[in-house]
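1. what would the 3D arrangement of this be:
(2 chains)
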Amino acid sequence: MGLLSKKDAKLITDPLADNNPITIQVLGICSALAITAELEASIVMSISVLFVLGVGNVVVSLMRNIIPNKIRIIVQLIVVATLVIIVDLVLKAFAYELSKTLSVFVGLIITNCIIMGRFEAFALGNGPWKSFLDGIGNAAGYGVILIIVGFFRELLGSGTLLGIPVLGDPIEKTGLYAIGYENNGFMLLSPMALIVVGIIIWVQRTRNKALVEDH
Amino acid sequence: MGLKSTLHNLKEKYKGTKMAPAFNALHTFLYLPNETTHNGTHIKVADDLKRTMNTVIMAMVPCLIFGMFNAGYQHYAAFGTPVEFLSWDAFYIGLIKILPLVIVSYGVGLAIEFLFAVIKKHEVEEGYLVTGMLVPLIVPVDTPLWMLAVAVAFGVVIGKEVFGGTGMNILNPALTIRAFLFFAYPTWMSGDKVWVHGAVERAQKIADGAELDAISGETILGGLAQGKDLGYSVADMFYGFIPGSVGETSTLLILLGGLFLIFTKIGSWRIMLSSVLGALAMGLIFNGVVDAGWITESSKFYGLMSTMWWHHLLIGGFAFGTVFMATDPVTASQTNKGKWYYGFLIGFISILIRVFNPAYPEGVMLAILLMNVFAPTIDHYVVQGNVKRRMKRLKVKTA
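-> Down below sits the predicted model:
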């Protein structure tokens, strides 16, 4: 990382693991449960949030000195809403089927706590370059979890990855299905996403004891 | 005494090593522990956790044996070559189908218990002994073994170990396992094929083009949900000569098991009684609704709503759930007053789900899981109520 100083690099790497927005701060759970039944949707959602948070953080950071404190939440909302509408329209134009799968959850990026949280906690107090890195880092941390959850849910729930059958054909009984394997329908239901996220949290805390709060 | 001394020597040999809990468990599972407490005053009681668990298992054994006979009986009846209920033919089918379920359930479950004991360095807990017996009794006879293994692993790890093991779980592990199976593999857990051994296979052959008659082994609840009366007599329902999960069909044997649990003071009679009252209350309400003419025969709920109010106790898994699962001391309410609310709501909600959710023809599983979650809340309010009452009394006295 010759491009970035050590401190800047930390802005990106921290949210990926030890300060992950989903597994450590437990933010943005709603969309993580709703759209991760398919890997493709998880990836598109991650990219959308990456765009919104990266650009949004820079915009808010640039305006941070001219935003009156009393109305800063409304200003932030307008920034994020504008970006989300752009994402929504792009999806509708170029990936209509996918935008139907994601349905209301693209719009709900506006209410994703991670975004407002980063605006408030970071972009309002830091320069545009740092804010950009922070936004990218947090969105990537969010995306990594989404993609892991989406991977397992689609693989075990539908036997496909990105819509391509990888375990054989369940109707023709080829591949794994020939020996009696069946898809796990529970994986397609939202509660299972919560359990998968829970397992990720469990693994993460077992590996890094510093994350465990003591009571 | 060869085995005892071998086990004892093994235990001494592995003392203080990583594998120690596993050998300790083997030793104490078969024999009395040879360790005595060293300090303090102690009251000696006969029923330790292990004996409690074994009592419950003993109460379930009749259901298991009956289930083996019934599996064969239903199989031959459905295939058009009926045999006597108490015949070797019937028992044989049950034995070769159900024994593997028991073995897989115990094998996978205990392996995970041992694994966690070794990793977390505590003694192996006996908590799985009852769960391991409950699981084969509450699944359809043709459940594929690998599915059962996956579900048991899920139930023990996510349902129990993540909360800290035996005694710390919020949900009943056996029901967690069944719920997992139900939502993960619905085609194997509901419908009109899975309850009779061989019916699924036969359906597959027919789909492949074989010229055979399709076998249907609909449960009574499944039939009623579609408005069909399957024509089983009340005696059949009570004795259990009906299709269903392995061990839940015979209300008579479950009743005997329940009485045994009450007599040995292992199961709570409060929960069992209040649960039955709850179910009867809901059944009466539905009968009343039908009698008042608010529901006509064209309604899809008519079949289940018009079922005689007390028949609900005999069909489906209600009796089994009430006696063996609602009374689980870990997940039930702890206070005596709380047990009345807890049990009543289980019965009440069971019948409610049964009638209004045709997709889940049996409501007792979901009702117990739901009330498991609410049990601590019920206890909280019972205790707070008690505190308030006594505070009041204190004030009156001092005033």
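
2. kindly list the longest helix within the chain.
-> No chain in the question, so chain A it is. Longest helix of chain A, by residue count under DSSP state H: helix A:128-158.

3. try chain B instead
-> helix B:364-398.

4. thinking again about what came up before, can you give me how far the longest helix of chain A is from the chain middle?
-> Distance, stretch centre to chain centre, for helix A:128-158: 4 Å (C-alpha atoms, centre = their mean, to the nearest Å).

5. in terms of secondary structure, what does the next helix or strand after it contact?
-> Sequence-wise, the next helix or strand downstream of helix A:128-158 (DSSP states H and E) is strand A:160-161. Packing contacts for strand A:160-161, counted by 3 or more C-beta pairs under 8 Å, 6 or more residues apart in numbering or on different chains; DSSP states H and E, involve helix A:128-158. (C-beta placed from N, C-alpha, C; glycine too.)

6. go through the helix it packs on and flag the buried ones.
-> Within helix A:128-158, the residues that count as buried by 16 or more other C-beta atoms under 10 Å in any protein chain shown are A:128, A:130-158.

7. kindly report the same for stretch B:231-243.
-> Buried, per 16+ other C-beta under 10 Å, within stretch B:231-243: B:Y232, B:M237, B:F238, B:Y239, B:G240, B:F241, B:I242, B:P243.

8. any idea how far apart the tips of that stretch sit?
-> Counting by C-alpha to C-alpha, to the nearest Å, you get 12 Å between the two ends of stretch B:231-243.

9. what residues does it touch?
-> B:66, B:70, B:73-74, B:85, B:195-196, B:217-220, B:249-253, B:311, B:314-315 (C-beta atoms under 8 Å, 6 or more residues apart in numbering or on different chains).

10. go again with 6 Å.
-> B:Q74, B:W195, B:V196, B:G217, B:T219, B:I220, B:T249, B:S250, B:T251, B:L252, B:L314, B:I315 (C-beta atoms under 6 Å, 6 or more residues apart in numbering or on different chains).

11. and chain B, what are its domains?
-> Split into domains by automatic domain parsing, chain B comes to B:2-33+B:50-199, B:266-394.

12. surely B:F69 is within a helix?
-> Yes. Assigned with DSSP: H, G, I helix; E, B strand; the rest coil, B:F69 falls within a helix.

13. which bits of chain A sit near chain B?
-> A:G180, A:E182, A:N184, A:G185, A:F186 (C-beta under 6 Å from any C-beta of the partner chain).

14. let's see that with 8 Å instead.
-> Applying C-beta under 8 Å from any C-beta of the partner chain, we find that chain A lies next to chain B at A:G180, A:Y181, A:E182, A:N184, A:G185, A:F186, A:M187, A:L189, A:I195, A:G198, A:I199, A:W202.

15. let me know the closest of the residues you listed to B:P140.
-> A:E182 (14.4 Å; C-beta to C-beta).

16. which residues does residue 150 contact?
-> No chain was given, so I picked chain A. A:I35, A:T36, A:A37, A:E38, A:L39, A:A41, A:S42, A:I43.

17. wait, I meant chain B there
-> Contacts of B:V150 (C-beta under 8 Å, 6+ apart): A:N184, B:A184.

18. burial of the residue in the stretch 201-350 of chain B positioned nearest to chain A, as a residue count?
-> Nearest to chain A, among the residues of the stretch 201-350 of chain B, is B:Q204, at 9.7 Å (C-beta to the nearest C-beta). Neighbour count of B:Q204, defined by other C-beta atoms under 10 Å in any protein chain shown: 12.

19. CA atoms of the host helix or strand of it as CSV?
-> B:Q204 is part of helix B:199-207, with elements assigned from DSSP H and E. In CSV, the C-alpha atoms belonging to helix B:199-207 read as follows (Å, rounded to 0.1, in the frame of the first residue of the first chain):
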residue,chain,number,x,y,z
ALA,B,199,-45.0,-44.4,0.1
VAL,B,200,-42.4,-41.8,-1.1
GLU,B,201,-40.5,-44.4,-2.9
ARG,B,202,-43.6,-45.7,-4.5
ALA,B,203,-44.5,-42.2,-5.7
GLN,B,204,-41.1,-41.8,-7.2
LYS,B,205,-41.5,-45.1,-9.1
ILE,B,206,-44.8,-44.0,-10.4
ALA,B,207,-43.3,-40.7,-11.5
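
20. got the buried residues for that helix?
-> Applying 16+ other C-beta under 10 Å to helix B:199-207 flags B:A199, B:V200, B:R202, B:A203 as buried.

21. then stretch B:146-157?
-> Per 16+ other C-beta under 10 Å, stretch B:146-157 contains these buried residues: B:M147, B:L148, B:A149, B:V150, B:A151, B:V152, B:A153, B:F154, B:G155, B:V156, B:V157.

22. now do the same for the residue in chain A that chain B sits nearest to: helix, strand or coil?
-> For chain A and chain B, the shortest gap (C-beta to the nearest C-beta) falls at A:F186, measuring 3.8 Å. Put simply, A:F186 is helix when judged by three-state DSSP.

23. take the buried residues of stretch B:146-157 and lay them out in CSV including pLDDT and secondary structure.
-> Shown next, in CSV, are those (pLDDT from 0 to 100; DSSP: H, G, I helix; E, B strand; the rest coil):
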residue, pLDDT, secondary structure
B:M147, 89, helix
B:L148, 91, helix
B:A149, 92, helix
B:V150, 91, helix
B:A151, 92, helix
B:V152, 92, helix
B:A153, 92, helix
B:F154, 91, helix
B:G155, 90, helix
B:V156, 90, helix
B:V157, 89, helix
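
24. which one of the residues you listed is nearest B:M282?
-> If you rank the buried residues of stretch B:146-157 by distance to B:M282 using C-beta to C-beta, B:G155 comes first, at 28.2 Å.

25. which one is the closest one nearest to, not counting chain neighbours?
-> B:I177 (3.4 Å; C-beta to C-beta, 6 or more residues apart in numbering or on different chains).

26. dump the lowest-mean-pLDDT helix or strand in chain A to PDB, restricted to CA.
-> None of the helices or strands of chain A scores lower by mean pLDDT, DSSP states H and E than helix A:6-13, at a mean of 77. What follows is helix A:6-13, C-alpha atoms only, in PDB (Å, rounded to 0.1, in the frame of the first residue of the first chain):
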ATOM      1  CA  LYS A   6      -0.600   3.500   7.500                       C
ATOM      2  CA  LYS A   7      -3.300   5.500   9.100                       C
ATOM      3  CA  ASP A   8      -5.300   5.800   5.900                       C
ATOM      4  CA  ALA A   9      -5.000   2.100   5.100                       C
ATOM      5  CA  LYS A  10      -6.400   1.300   8.500                       C
ATOM      6  CA  LEU A  11      -9.600   3.300   7.600                       C
ATOM      7  CA  ILE A  12     -10.200   0.600   4.900                       C
ATOM      8  CA  THR A  13      -9.000  -2.500   6.600                       C
END
